[in-house]
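> Coordinates only, no sequence provided:
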Ligand SMILES: *Cc1c(COP(=O)(O)O)cnc(C)c1O
């Protein structure tokens with residue numbers, strides 16, 4: 001299947017999942033996760049209207065942003081674990097950094113950003129030890145501490161739930177992210193409207209629980225080749 005065909009199928013499935021949830025399909029955006037795939041695949045997706053692409057490794061983002069600099073309105077989202085020393089490479093290129101999970105990282109982004117940069121707070125909803133993301137109990141503090149920053153703007157929450165075989169089993173974790181956003185709003189710390197959740201195997205379940213942005217890689221570009229270093 002070509003990238004264009006796969007994209008068309010995913011868009012149709014997003015629309016169907018939104019309709020089934022009584023939601024407007026316009027309210028669910030698609031991030032095409034291109035990590036591990038060549039710039040030529042990104043061009044194929046861009047040619048059929050895809051503009052938002054997700055990358056997980058700083059050096060890979062730097063290289064692709066250069067290879068694709070002629071695509072003027074391409075929008076990069078950084079979705080990988082971000083180390084402070086990589087912020088200087090990522091901040092100038094990413095429109096959105098989806099993986100802010102601690103204050104020192106937020107402060108480094110604020111320092112390195114040349115213009116407004118949108119971020120999502122990544123929350124470890126499953127409380128898994130190996131996973132990045134702030135603990136649900138720390139979310140309000142992080143929202144409070146990042147509120148006064150002038151360039152960094154929090155526009156929502158992001159999560160990667162624990163791996164489960166049946167997407168239905170991921171739903172409580174998606175619901176939890178939505179609930180955390182609601183609680184923050186009630187506490188006067190509005191995290192913004194975005195809920196980035198759902199990947200190739202479970203994006204429909206995420207849409208049922210309120211996802212506004214789904215991050216889909218494999219179902220668009222195919223299996224990822226073994227990763228290069230980034
Ligand atoms: C790789 C990745 C995805 C895409 O996963 P697929 O299963 O290929 O759709 C989504 N989100 C994050 C954070 C990722 O690292």
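Thanks, I have it. None of the values given here were measured: they were computed from a predicted structure.

> and stretch 217-230, which residues are buried?
Buried residues in stretch 217-230, defined by neighbour count with 16 or more other Cβ atoms under 10 Å: 217, 219-221, 230. Glycine gets a C-beta too; all of them are placed from N, C-alpha and C.

> Write out the residues of this protein neighbouring the ligand.
Near the ligand, the residues belonging to the chain are 33, 35, 56, 79, 160, 199-200, 215-219 when assessed by Cβ under 6 Å from any ligand atom.

> May I ask which of these has the most neighbours?
residue 79 (27 neighbours; other Cβ atoms under 10 Å).

> That one reaches residue 54, doesn't it?
Yes: here residue 79 reaches residue 54: they are 4.5 Å apart, a contact under Cβ atoms under 8 Å.

> any common contacting residues for those two?
31, 33, 35, 98, 215 (Cβ atoms under 8 Å, 6 or more residues apart in numbering).

> For residue 191, give its distance to residue 38.
35 Å (Cβ to Cβ, to the nearest Å).

> quick one: which of these two has more around it?
residue 191 (25 against 13).

> Which of the three states applies to the more buried one?
Classification of residue 191 by DSSP: H, G, I helix; E, B strand; the rest coil places it in coil.

> try the one 4 residues further on
Under the three-state scheme (three-state DSSP), residue 195 adopts strand.

> Could I get the contacting residues of it?
Applying Cβ under 8 Å, 6+ apart, the residues contacting residue 195 are 156-158, 177-178, 181, 210-213.

> With respect to the ligand, which of the residues you listed is nearest?
Set against the ligand, the nearest of those by Cβ to the nearest ligand atom is residue 158 (7.7 Å).

> who touches that closest one in this structure?
79, 98-99, 120-123, 194-197.

> Kindly recompute the last result at 10 Å.
77, 79, 96-101, 119-123, 133, 177, 194-197, 213, 215 (Cβ atoms under 10 Å, 6 or more residues apart in numbering).

> ok, now residue 114?
Per Cβ under 10 Å, 6+ apart, neighbours of residue 114: 91-92, 151.

> and of those, the nearest to the ligand?
Nearest member of the contacts of residue 114 to the ligand, counting by Cβ to the nearest ligand atom, is residue 91, at 18.1 Å.

> For the closest one, what are phi and psi?
phi -60, psi -40 (degrees, to the nearest 10).

> Next, count neighbours for it.
If we define neighbours as other Cβ under 10 Å, then residue 91 has 23 of them.

> And residue 168, by the same measure?
Count around residue 168 with other Cβ under 10 Å applied: 12.

> Checking it next. Helix, strand or coil?
helix.

> which residues of the protein fall in helices?
Remark: helices assigned in the chain by DSSP state H are 3-20, 39-47, 58-67, 87-90, 103-112, 139-146, 171-186, 203-208, 218-221.

> Now the longest one: average pLDDT?
Just to be clear, that refers to helix 3-20. The average pLDDT for helix 3-20 rounds to 98.

> buried ones in it?
3, 6-7, 10-11, 13-15, 17-18.

> who wins for most neighbours among the contacts of residue 195?
Going by other Cβ under 10 Å, residue 211 tops the contacts of residue 195 with 30 neighbours.

> Residue 173 is in contact with that one, correct?
No: here residue 211 does not reach residue 173: they are 11.6 Å apart, not a contact under Cβ atoms under 10 Å.

> so what's in contact with those two at the same time?
Shared contacts of residue 211 and residue 173, counting by Cβ under 10 Å, 6+ apart, come down to 159, 197, 202, 205.

> Before I go, just wanted to say thanks for your time.
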